[in-house]
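Asker: below are the sequence and a predicted model; questions follow.
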There are 2 protein chains.
Amino acid sequence: MDRRMDTESLPDGWVQDHATDEEIARDRSVWEPFTQSLRELVDLTIRSEADLETVRAAHAQLLAINERLGARVIPGTYGVRLGESSGRNWGNAIMGVRNAIAPPLDIATDGVGRAWVDFTLGAAYEGPPSLVHGGVTALVLDHVFGAAAGADRKPRLTGTLTMRYLRGTKLGVPLRAEAHVDRVEGWKSFVVGHLADDEGTTVEADGVFILPRWARPA
Amino acid sequence: MDRRMDTESLPDGWVQDHATDEEIARDRSVWEPFTQSLRELVDLTIRSEADLETVRAAHAQLLAINERLGARVIPGTYGVRLGESSGRNWGNAIMGVRNAIAPPLDIATDGVGRAWVDFTLGAAYEGPPSLVHGGVTALVLDHVFGAAAGADRKPRLTGTLTMRYLRGTKLGVPLRAEAHVDRVEGWKSFVVGHLADDEGTTVEADGVFILPRWARPA
């Protein structure tokens, strides 16, 4: 990543790094499993019953990793990096290949106005005891709704989002989020959908998603 | 944590472990800095420009930590552990002392119906390039709204939550979330509030929060 980045004609946070598909695949083959192991450590940090001496020793090892990875870092955030033929949002809070906060979700779309995702959330996403944090369900639905609104491959930003919580969503069981565009008015897409656990719908939602100004036809 | 836990008379996920304040303070003195270093690693995993050989070597170290901490784990989630005189929700996705996903927020309340928090979000909370993920703002607001509704020290669960996004929220600058109870009807608290960055309000929200059945007077 020593090559000069071309940011002059792109919105803030977008970077053209000219990475080839081969370079991207090589990067991913190393960072993706690293990040997956880091997600496991996030989970273990909550669930471990190790004695405090063991945790202190593990902390020393952790600081050694931080020193290694911290020797050279980009300023600011990952943003979107545009390579020769594809973009990467590897820092994204819900999708990011290099973001251990992200479950990560692998959202499917129909190319028109529908999106869905099957996933499971572990101990790190807890709100009320044994249940998914209500705000985490909002985080998931926000992203899946945005994916439905943007299924036509144009970006959409959240305008409004309303969630109705029917009951708690279980941790550790298969979950499914679904959304579809109910209607479009100008730059606004009206999206409806829900989240379900193994006993049915837990959260219903609707929202308005907006085509950003910079993505509208001139 | 070898002592027998008494869970018989408590709701799912609540555990009485009889930990003393002294034991809790000792646990916290080790786990809190460990988790803070882990948050730094989550950030570095996104922002590091280390070469792939370095990442591979760091991965081997990471697996060694996971093996150490993973030797003995609790089943399921952290839940709420009630000690001799105080409770811990250290696994909570937004507040948890042992949860590296949590920023964590240190929310203040007035003891009546108002809550607020000052914080900063880094690269791990990115949605649109350079901006906080819209769903993360929902996660923060959900929790701060719940804290306002529960400022009287009774728990409240989210019934509905509506967010109106005025513009993007910046990463890496001081943020403030505020909420207050506008009115109460029966078990329902109607809460309004907003999120602001260094240029003003970015998200407005309102929601209904409900006193759970198990917490109502008999």
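Answerer: The structure has been received and is ready for your questions. Just so we're clear, the structure is a prediction, and the values are computed from it rather than from any experiment. Numbering: from 1, shown residues only, chains lettered A, B, ... in the order given.
Asker: low-confidence bits of chain A, can you list those?
Answerer: Applying pLDDT under 70 to chain A picks out residues A:1-8.
Asker: now the residue nearest the centre of it: how far from A:Pro174?
Answerer: Central residue of chain A (CA atoms, centre = their mean): A:Ile94, 1.4 Å from the mean position. Separation of A:Ile94 from A:Pro174 (CB to CB, to the nearest Å): 18 Å. All C-beta spots, glycine's among them, are computed from the backbone N, C-alpha and C.
Asker: now do the contacts for the residue nearest to the centre of chain A.
Answerer: Listed by CB atoms under 8 Å, 6 or more residues apart in numbering or on different chains, the contact set of A:Ile94 reads A:102-105, A:139-140, A:143, B:127, B:133, B:135.
Asker: just the buried ones out of those, please.
Answerer: Neighbour-count burial (16 or more other CB atoms under 10 Å in any protein chain shown) applied to the contacts of A:Ile94 gives A:102-105, A:139-140, A:143, B:127, B:133, B:135.
Asker: between these, which is nearest B:Thr35?
Answerer: A:Ala102 (18.1 Å; CB to CB).
Asker: shouldn't that closest one be in contact with A:Trp90?
Answerer: No: A:Ala102 is beyond contact range of A:Trp90, at 9.4 Å (criterion: CB atoms under 8 Å).
Asker: which neighbours do the two share?
Answerer: A:Gly96.
Asker: hang on, the earlier thing: which phi and psi does the residue nearest to the centre of chain A have?
Answerer: phi -120, psi -20 (degrees, to the nearest 10).
Asker: with A:Ser130 instead?
Answerer: Torsion angles, degrees, to the nearest 10, at A:Ser130: phi 70, psi 0.
Asker: wait, it sits on B:Val80?
Answerer: No: the pair A:Ser130 / B:Val80 is not scored as a contact, 9.7 Å apart, by CB under 8 Å.
Asker: overlap in contacts of these two?
Answerer: Common neighbours of A:Ser130 and B:Val80 (CB under 8 Å, 6+ apart) are B:Gly13.
Asker: how far does the top helix by length along chain A sit from the chain's center?
Answerer: Using DSSP state H, we find that the single longest helix of chain A is helix A:21-47. A distance of 14 Å separates the C-alpha centroid of helix A:21-47 from that of its chain, computed with CA atoms, centre = their mean, to the nearest Å.
Asker: got the phi and psi for the residue located most distally from the centre of chain A?
Answerer: For chain A, the largest distance from the centre (CA atoms, centre = their mean) belongs to A:Glu53, which lies 34.6 Å off. In terms of degrees, to the nearest 10, the main-chain angles of A:Glu53 are phi -60, psi -40.
Asker: same thing with A:Arg167?
Answerer: Per degrees, to the nearest 10, the backbone of A:Arg167 is at phi -160, psi 180.
Asker: separation between it and A:Thr54?
Answerer: A:Arg167 is 39 Å from A:Thr54, by CB to CB.
Asker: with A:Gly122 instead?
Answerer: 22 Å.
Asker: name all residues that make contact with the closest residue to A:Arg26 other than its chain neighbours.
Answerer: Distance criterion CB to CB, 6 or more residues apart in numbering or on different chains; nearest residue to A:Arg26, sequence neighbours excluded, is B:Leu52 at 6.9 Å. By CB under 8 Å, 6+ apart, the contact set of B:Leu52 is A:26-27, A:30.
Asker: one more: A:Leu141?
Answerer: A:161, A:163, A:177, A:179, A:193, A:195, A:203, A:205, B:135.
Asker: next, the angle from the helix or strand hosting the first one to strand B:157-165.
Answerer: Yep, that's A:Leu161 we're talking about. Per DSSP states H and E: A:Leu161 is located in strand A:157-165. Per axes from the mean of the first three to the mean of the last three CA atoms, to 10 degrees, the angle that strand A:157-165 makes with strand B:157-165 is 170 degrees.
Asker: and strand A:157-165, is it in reach of chain B?
Answerer: Yes: counting by CB under 8 Å from any CB of the partner chain, chain B has neighbours in strand A:157-165: A:157-165.
Asker: what lines up beside that strand in the sheet?
Answerer: strand A:200-210 (antiparallel), strand B:157-165 (antiparallel) (DSSP bridges).
Asker: buried residues, the helix or strand hosting A:Thr54. List them.
Answerer: Secondary structure assigned from DSSP H and E places A:Thr54 in helix A:52-70. Residues A:54-55, A:58-59, A:62-63, A:65-66, A:68-70 are the ones in helix A:52-70 that count as buried (16+ other CB under 10 Å).
Asker: and chain B, which of these contact it?
Answerer: A:54-55, A:58-59, A:62-63, A:65-66, A:68-70.
Asker: coming back round to it: distance of the residue farthest from the centre of chain A from chain B?
Answerer: Distance, A:Glu53 to chain B, by CB to the nearest CB, to the nearest Å: 9 Å.
Asker: OK, contacts around A:Arg56?
Answerer: B:Val30.
Asker: A:Asp198: how many residues sit nearby?
Answerer: 10 (other CB atoms under 10 Å in any protein chain shown).
Asker: spatially, what comes nearest to it if we skip its sequence neighbours?
Answerer: For A:Asp198, the spatially nearest residue (CB to CB, 6+ apart) is A:Val173, at 4.6 Å.
Asker: A:Ala179 too?
Answerer: Closest to A:Ala179 by CB to CB, 6+ apart is A:Gly193, at 3.1 Å.
Asker: paired strands for the stretch of helix or strand that neighbour belongs to, with orientation please.
Answerer: Applying DSSP H and E as the criterion places A:Gly193 in strand A:188-197. As defined by DSSP bridges, the strand partners of strand A:188-197 come to strand A:175-185 (antiparallel), strand A:200-210 (antiparallel).
Asker: check which residues of the first one are buried.
Answerer: Of the residues in strand A:175-185, those with enough neighbours to count as buried (16+ other CB under 10 Å) are A:175, A:177-181.
Asker: mind checking the end-to-end distance for stretch A:207-218?
Answerer: For stretch A:207-218, the first-to-last residue distance is 26 Å (CA to CA, to the nearest Å).
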